[in-house]
Structures are given as C-alpha cells and as structure tokens.
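A.B. asks: Quick one: sequence plus predicted model below, questions after.
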Amino acid sequence: MAAGQQWVLVEMVQAFYEAPAYHLILEGILILWIIRLLFSKTYKLQERSDLTEKEKEELIEEWQPEPLVPLVSKDHPSLNYDVVTGPPSHRIIVNGKECINFASFNFLGLLDSERVKLKALSSLKKYGVGTCGPRGFYGTFDVHLELEERLAKFMRTEEAIIYSYGFATIASAIPAYSKRGDIVFVDEAACFSIQKGLQASRSFVKYFKHNDMEDLERLLKEQEIEDQKNPRKAKVIRRFIVVEGLYINTADLCPLPELVKLKYKYKVRIFLEESMSFGVLGEHGRGVTEHFGVNIDDIDLISANMENALASIGGFCCGRSFVIDHQRLSGQGYCFSASLPPMLASAAIEALNIMEEDPGVFRVLRDKCKHVHKALQGTPGLKVAGEPLAPALHLQLENSTGSRTNDLKLLRAIVDYSLERRIALTLARYLDKEERFLPPPSIRVVVTVEQTQEEIEKAAQCIREAAVKILK
Amino acid sequence: KDKLLSDHLRFQYEYKGYIFGSITPFVESFEETPLLVAVLTYIGYGILTIFGYLRDFLRDWKFEKCHLAREREEQKDFVPLYQDFENFYTRNLYMRIRDNWNRPIRSVPGAKMDLVERVTPDYNWTFEHTGKVLKDVINMGSYNYLGFAENTGTCADAASECTVKYGVGVCSSRQETGNLDKHEELEKLVARFLGVESSMVFGMGFATNSMNIPALMGKGCLILSDELNHVSLVLGARLSGATIRVFKHNNMQSLEKLLWDAIVHGQPRTHRPWKKILILVEGIYSMEGSIVRLPEIIVLKKKYKAYLYLDEAHSIGALGPRGRGVVDYFGLDPCDVDIMMGTFTKSFGAAGGYIGGKKDLVDYLRLHSHSAVYATSMSPPITQQIITSMKCIMGEDGTTLGQERLCQLSENTTYFRRRLHEMGFIIYGNNDSPVVPLMLYMPAKIGAFGREMLKRNIGTVVVGFPATPIIESRARFCVSAAHTREMLDTALNAISEVGDLLQLKYSRKNRHGSEGTDLFSYLESHQD
C-alpha cells in the first residue's frame, strides 16, 4: 500500500515539473481565492436585524389591525332585504303584500308547475334530500346521469356536465381550460361570474367594447402581430372569446354569426354563456345558436344555469366530449363540491320534458316580451334598455342626477310605489366596487308566460304613474 | 418551551398565561412511512411512467387503438386545447383504476346503498350499465356522519310539505326577490345553534368560501393558511388578492413564527404594517382526519390580534358532546372565533353553507357577499331539511334522537379506529375524528383495495395523487351514526381480509395488550 502511495506521489511531483507555467499560475490564483473566501466575513441581507428583541415585542404590542369589517350604517338601503313569504311564483307575497311577479326569472312559469313538484316529491321519497358527497365519491346518482344525457340530447351536443350551483358553472369552466399565459377576449358587459372565472384563471384578459365586432377584430389583429414576433410562443398560447348569448346586464343579443366568422379567421375558441337565453330563444328553446341558425359544433362550450327557465337549481355545460370531459377532473366546482341534490335534478328533468312537449310556449313568451317592451316605451323619465325579445329588461333613468346613490334612491322609490300598487319589481343589484364596468342603476322587469295582457297593462300604467310622480 | 396544551390529559392547565379546561385528551398520530414501502412505491410509479410513455408511443404510431376524444377536423389547426403532458397522469395512471370513482348509486346514500353495476369492455375507457343493481352495499364513503341521509322520517316529511308549498326553485338572488321567509328562519336557527349573534346561509358550500373570503380580505391584508386547506379556501384566498403565506399543517410553532415575522417586518419591500391578518383553518381536515388545535390558535390569535376563519365543513354536527363542532369539542367560547363557516352537506344531509359571527360581520356580508348579489339563494326544501335536522340535533323536536345519534357516532368512531389500529393498519388522524384515512401507499393497491372491497359488498373511497402527496395514497372511511355494530364488524372483517391479501398491515406500533389499549379503554370508559 505504502509503495503504491509513494509511486503516486512521485508521479505527482513529476507532473508538477512538467506542467506549463500558465497552468500552475492559474491554479495558484484559484487556491489563493479559495483561501480568501474561506476567511472573509459572511454577511446577511439587510433585514431589520438592527431591532432588538424588546423593540420587536413593542412592535407587536403596538400593532393595531383594521376592524374585520368596516362599519355598516343601520339605514343602508340594501341592508334589509325584501322578505318573500311563500313561494316566489306568479302571485308573490313581498313584505306582506300580494303582488304580481315581474321580478323573478321564472320565464316559463315552471316554478309552481304541479308536474315538476310531483316529480321532485317522488325523487325525495326515493333518494332523500342531500347527496352527502362529491361526484367522485358516491355522489353520482342515476338522475344526474339521466339529466346530463337529456341536456346533451336537447341541445344536440355530445355531452353535458352538471354543476350544483349556477354561479359556479362558468366560474369553474373557464379556469379549467384557460391557464396562466393564455389570452381571453371578453365583452365588457360580461356578468360577474365570468369575471370571477377569468380572475381565477390568471390569464391575460382583453376587454372589447360591448357587441362591437370591429373593436374585437382590432384586438385580434394586434394579437396576430404579436404572434408573428414570437411564433414558437404563439403555438402554445390558447385563445378564447367569452360572450353571453343574451346579456343579463344590457338585455341584448350577441352577434353570433360574426363571432363564428372571427373564430375561424383568427383561430380562437368561443365559450358561450347562455343563462338568460336557454329556454327562451330559438324555436325549441335551444338558445341563441338555434335563434341564429348557427351549427352548435362551432361553439366550443355552452354554459347555462338551470335557475332561470328551468326553475331549478344548478347549472350545466354542454359541448363536444373532447371539451366537456376535461371538466370532470379539472372543474373545481365539480370535483370538490357536493353534487346537486337528486330532487332538484329530477325537477330539472321534468321541466325539460315540459319544454320538449310544448315548444309553442317559446313563441308565447316572445310575444309577451315584445308586448312588454312596447308597453314600457314612452315612460316619462325612464328609458328601456334591451331588445324586444329579451325577457329581462332594464329601466334606466333618462337623465341621471349625477350621483349613483341618488339615482338608486329614485329608482327605489319607484319600486316601492309599484309594490304599494301590487306590482313586484326589483332594483338590479351589483357590487359597486367589484364590477369592472359597472352598469348604470336600473330596475329589472322580467317577463314570464304566466303574465296576462291586463297584468302587463296594469304594470306599465303603474310604472308610468310612479315615474311621473317621483321623477318630476 | 410551552407544551402544547391540547396534549395534556389534565382538567385544567395553562398556556402562555391563559387557563383552559379540557376533558378529552388530544391524541393524534401520523405514523411515518416505512422506508421499504416508500422505495417500492416510487419504483411502482416509475414502472407506470415508463409504461405510460410506451403506451403513448404506441397510440401515436397507431399500433394501439386510441379511445381518446379528438379535436374537430375543422379546428385541427387551432392551438391545441390541452398539452399532452398535462394529461399524461390522467391517460396512463388514472384511467387504469378509474372504476373506483364516480360509481353511480340509485338509493339513499345512507348506511347501506344500492350501486349500479358497471362493466367496461375496454379497460375503463367506456362504461356500460348492465342493468343490474348491487344491493345493500355498506357505505363507508358518503359524508353521512349523523345519518340524516334518509328518505323517511320527520326530515323527509317536512321537506315534502315544503316542496308542495314552495316548489323547488327560487329564480332570484338574495338581494332581489330570492329572500324567502324560510331563509330568515334558518339563519336565526343557525345562529342559535352555533351560539353566535347572527348568521347567513348560502346555496353551495364551496361557493361560501370562494365568494366570502374575497369580500372580507383585499390587497394589503395577509392570509395565513394551513398547508392542507381545502381547494375552496385556497381559491377564496387567491381571489381576494391578499398575500398568502402557508404554515405547516397544524403546527403552532410555524404559525407563531409567521405571525411574528408578519407584524415585525410588515409588508414585503415597503414594510408598511399589514391591514389585517386572517388565519384560515379547518375543523377536521378531510384527507388527514386531523382536528385543528383550536385552543392554541385562539391564544395566538389573541396575542397577535389576528382574525380567525374556521371552516367546519366536516366537524359541524360530528364533533362535540352537543354536536356544535370543534368549538364545542374543546369547550371554548364561540365568540373567540371571528368567522365560523360550515356546510350543511355532511352532517345535515342537505346542501349549502353558512357563515356565523358577530352582527356587524353578517350585516357587512349581506351587503358585500358575491353570493347575496349575484347567485340564486337556497332552494326551499333544502332549507326545510336543514331546519328539521338541526332542531333534531338540538333536541328541540321533542325527541332524544339527536343526542342518541351523536353518542352513536362517537362510539362508532372510537370502536372503528381501535379495531383498525389493533389489526395493524396505519391510520392517520385524531382518535375522535369520524374521518379515518387508512394508508395504502402503492399505486396498484389503490385500485386493488377499491375493487376487492366492492367484491365483498362494501363501498369505499380511495384517494391518490393529486389529492394526496404522491406516495401517500390512502383509503378514506367515513364513520356514520347510521352504521350499526354489525355493519362495522362486517366491514372490519372484510378490511382485515383485504389487508392480509394485499399486505396492508404496515404498522409497527404496539397493537395488543400494552399502553395503546389502555389509552383506548380510558377513552371508552370516559364517553359522555
């Protein structure tokens, strides 16, 4: 062993002599540098290490947080809700007064349909009330599977997926597909749940002016120019357009055929939110795609909630299996939340049955919408915002007082006056500080098939009187 | 340093100057993964990954039939909607054992249920229903802690009446015309149940978190969130825009260090003081079965003037001598918890969530919660179900059914955990939590366990990555008050059989006739 070591040592000394000078000098410098680093003082990044323990304790003593919630004044106008006694059906009892309902989104009048209630009852007797689990863990009932099949068949798509809460539907669907780095083009008037979905997705969001296809095309062209600068990155960034069929904030339609043209021109996918138009537009109630005659496969994802026309609870998304199946593992509101109670799913199935059996009801609803739209024209001081075939219209002030609070006070006075005269209306509610593009204050007027001619006339008359009296 | 007061077995003790009294000892265990098992698990995942690449290669080159749905022809030149590697896990690992999840049922999800029989002709890519029904499968998976998932009895009758009177839908939000008298009745009842000033209810438990945390917190606030918090809490915290810092699971030293640093150093870079600090914890963590160390957190919160948000999704109704949740379990004052949140899905057999606290807090939420303004309110029969079941638990319906169920749940939990521990399985969590995770570790055992248990007519829930860390896959049992002793015995025998078959009895701790048993018998003799 020792001989071997000695032999290595001899080799080393020889190599030392034979090495070129610059090599030795370089190694010598490196060794000196290492020695210097080993002995130099280490230093930390400048923290508040100049504080003593006592000072830190004092800081902790002195720190006062803000109160958990800011004080709310007792007479805030929205603090006391209107109390509805009994079911919110056509004759609704608001704050003790029986009124005709022009405020709930009960478009097809299915809220107190006896058939729907019976079906829900029989489902209750079979399954109980709650599902006690998410879809993955024994929360999938055969009624859920049936409802999904029926919805897919009704909308003529391959597959549908149900959520247990209408708001969570589009808010979970968008982040499942659009991630950080992707680009989403959204209309300015998009509803709050779409905004929350976009916020959760962390993608780049570009807003285009409401229903303005030129503005959208301008944004798409700008994006195309960006892409040409960096084609490799452009190949992996996904792009989406998110629009609503019938906007809840402005009650008008989106120009779907132009959107489809833009989709194929700029290679963008379309997500369509049809909460207000499902069960309202189209010959059979299939929504805005049927209304315009657009091929449903051209729309990548249609999302709607079942809380308006279907008078149940929850929401669904439908489209091709390629798109929808992904949500079964990545839709947060689907995977991590309890499934829809089976009695509500049965009620939705029965409501679908009613819709399919009697497609004439959509025509009746459209006529009533036109009627209401006409009847409300010419109200002094108020203007009607919305299309003639929108079932939920907005009445806005023609001349704003300049402050939103005062506008709201005036509108609230009109609503109260109508309540006295037995017409139930409501203010359209928004979160003032959270909305990106806050819509102007308005009164929501909802049309349902159960309203008769006289009732519509009476309501229009009442609103006119109120406007004259309060807005003089 | 101060010993954690939850661990004390005494009636009265002291922590940082505060005096507390507690009756039950706090026993939690998370036995370490045996080294050999961990190595074999990694090897297992490695083999699966290699096979995954092989299968992808075969699918790409058309040697194997591809069952995946494909993009439309017209959209082939669009940017692909999914990246291949994002779905690698789904395609190659999840798909193999997919039959253990999404099992459709066609009866009440009570102690026993009827499953729809499914067969797959192509290794889980598609399923067909044979039309047959697997009857009376013992249900160890549904969150039915107090057995209120039933279709007969006072709750079902009351809900039926309510359906006939009110219908099913509401069609409007709380601030517009969706505020029914039933909601106000429920809110008063929930406030009384929890012992707080006032409460507010929402239509979905997940949405309660994701819509109300943003209303309370904003930029310039700090959220200290537990490592293993539920997705809804994480989403709510992210949407609020506040800074989020994570502390180790149930670890009070980690939390105190974060609080200390936060107040001393302030916001990053500007060093301005934080506006508010919120501690976000859950009552029972559903994947671990652990209970939050509430007494310590309250002491820390008072010292550092932070606010506490307690998510009692699993613990409300399931813990505590009167079923009022984890606050009741530790014998603490509900006023100490600033925001008490919970869901009605688990112990009340309904759906929805609530937030309870001081009147100022709830008034503020009535104005600013996203759910109150934009989302539909709770359906009336669901509201009625909660009212009836809550009154039953409180004993206000004139029977002792509620109290009986609470005792039954507590007994069942202790018995089930003791027997599993004696058999030699590794069980995580607190001795009093009705959520019992049993460790499986290896990926193949996940599928095997689920299927073998179903063969023996017991429905179980198995979880793997990404809900749990990659080597810690587990089977999770939810004990219910509706389970009888015979059902639990049948289930335990089957679990033992499958455990022997799959070699799941990893535990190296003491089993029979030693201090372990003494502790359990101490607990059983002190049930009250």
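C.D. replies: Good, I have the coordinates.
A.B. asks: what residue ranges in the chain score low on pLDDT?
C.D. replies: Answering for chain A, as no chain was given. Residues of chain A meeting the criterion pLDDT under 70: A:1-7, A:42-49.
A.B. asks: other chain: chain B
C.D. replies: Along chain B, the parts satisfying pLDDT under 70 run over B:1-25, B:510-528.
A.B. asks: Got the domain ranges for it?
C.D. replies: Domain ranges of chain B: B:31-139+B:400-507, B:154-394, per the TED database.
A.B. asks: Could you dump the ones you listed into CSV and include distance to A:E214?
C.D. replies: Heads up, the C-betas are built off the backbone N, CA and C, glycines and all. Below are those laid out as CSV (distance: least, C-beta to C-beta, whole Å):
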stretch, distance to A:E214
domain B:31-139+B:400-507, 23
domain B:154-394, 30
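A.B. asks: Adding distance to chain A, write these out as TSV.
C.D. replies: Below are the domains of chain B laid out as TSV (distance: least, C-beta to the nearest C-beta, whole Å):
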stretch	distance to chain A
domain B:31-139+B:400-507	4
domain B:154-394	4
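A.B. asks: Can you tell me which of those domains is most buried?
C.D. replies: For the domains of chain B, the largest average neighbour count (mean count of other C-beta atoms under 10 Å in any protein chain shown) is found in domain B:154-394, namely a mean of 23.
A.B. asks: Would you map the strands across the stretch 151-300 of chain B?
C.D. replies: In the stretch 151-300 of chain B, the segments counted as strands under DSSP state E, counting those that start in this stretch are B:198-202, B:222-226, B:243-247, B:277-282.
A.B. asks: Parallel or antiparallel, list what pairs with the third one.
C.D. replies: Meaning strand B:243-247. Sheet pairing of strand B:243-247 (DSSP bridges) gives strand B:222-226 (parallel).
A.B. asks: cool, the longest one as well?
C.D. replies: Within its sheet, strand B:277-282 is paired with strand B:222-226 (parallel), strand B:307-311 (parallel), according to DSSP bridges.
A.B. asks: Ok, which of the ones you listed comes nearest A:G282?
C.D. replies: Ranking these by their distance to A:G282 (criterion: C-beta to C-beta) puts strand B:307-311 first, at 42.3 Å.
A.B. asks: Could I get the CA-only coordinates of stretch A:19-26 as PDB?
C.D. replies: The C-alpha atoms that make up stretch A:19-26 are tabulated as PDB, following Å, rounded to 0.1, in the frame of the first residue of the first chain:
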ATOM      1  CA  ALA A  19       3.200  21.300 -16.300                       C
ATOM      2  CA  PRO A  20       3.300  24.500 -18.300                       C
ATOM      3  CA  ALA A  21       3.800  27.700 -16.400                       C
ATOM      4  CA  TYR A  22       0.400  29.400 -17.000                       C
ATOM      5  CA  HIS A  23      -1.300  26.300 -15.800                       C
ATOM      6  CA  LEU A  24       0.500  26.500 -12.500                       C
ATOM      7  CA  ILE A  25      -0.100  30.200 -12.100                       C
ATOM      8  CA  LEU A  26      -3.800  29.800 -12.800                       C
END
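A.B. asks: which residues does the residue nearest the centre of chain A contact?
C.D. replies: For chain A, the residue sitting closest to the mean C-alpha position, by C-alpha atoms, centre = their mean, is A:S193 at 2.1 Å. Contacts of A:S193 were listed using C-beta atoms under 8 Å, 6 or more residues apart in numbering or on different chains, and they are A:166-171, B:374-375.
A.B. asks: With secondary structure and distance to A:D82 added, can I get those in JSON lines?
C.D. replies: Shown next, in JSON lines, are the contacts of A:S193 (DSSP: H, G, I helix; E, B strand; the rest coil; distance: C-beta to C-beta, whole Å):
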{"residue": "A:G166", "secondary structure": "helix", "distance to A:D82": "21"}
{"residue": "A:F167", "secondary structure": "helix", "distance to A:D82": "21"}
{"residue": "A:A168", "secondary structure": "helix", "distance to A:D82": "25"}
{"residue": "A:T169", "secondary structure": "helix", "distance to A:D82": "26"}
{"residue": "A:I170", "secondary structure": "helix", "distance to A:D82": "27"}
{"residue": "A:A171", "secondary structure": "helix", "distance to A:D82": "26"}
{"residue": "B:Y374", "secondary structure": "helix", "distance to A:D82": "17"}
{"residue": "B:A375", "secondary structure": "coil", "distance to A:D82": "17"}
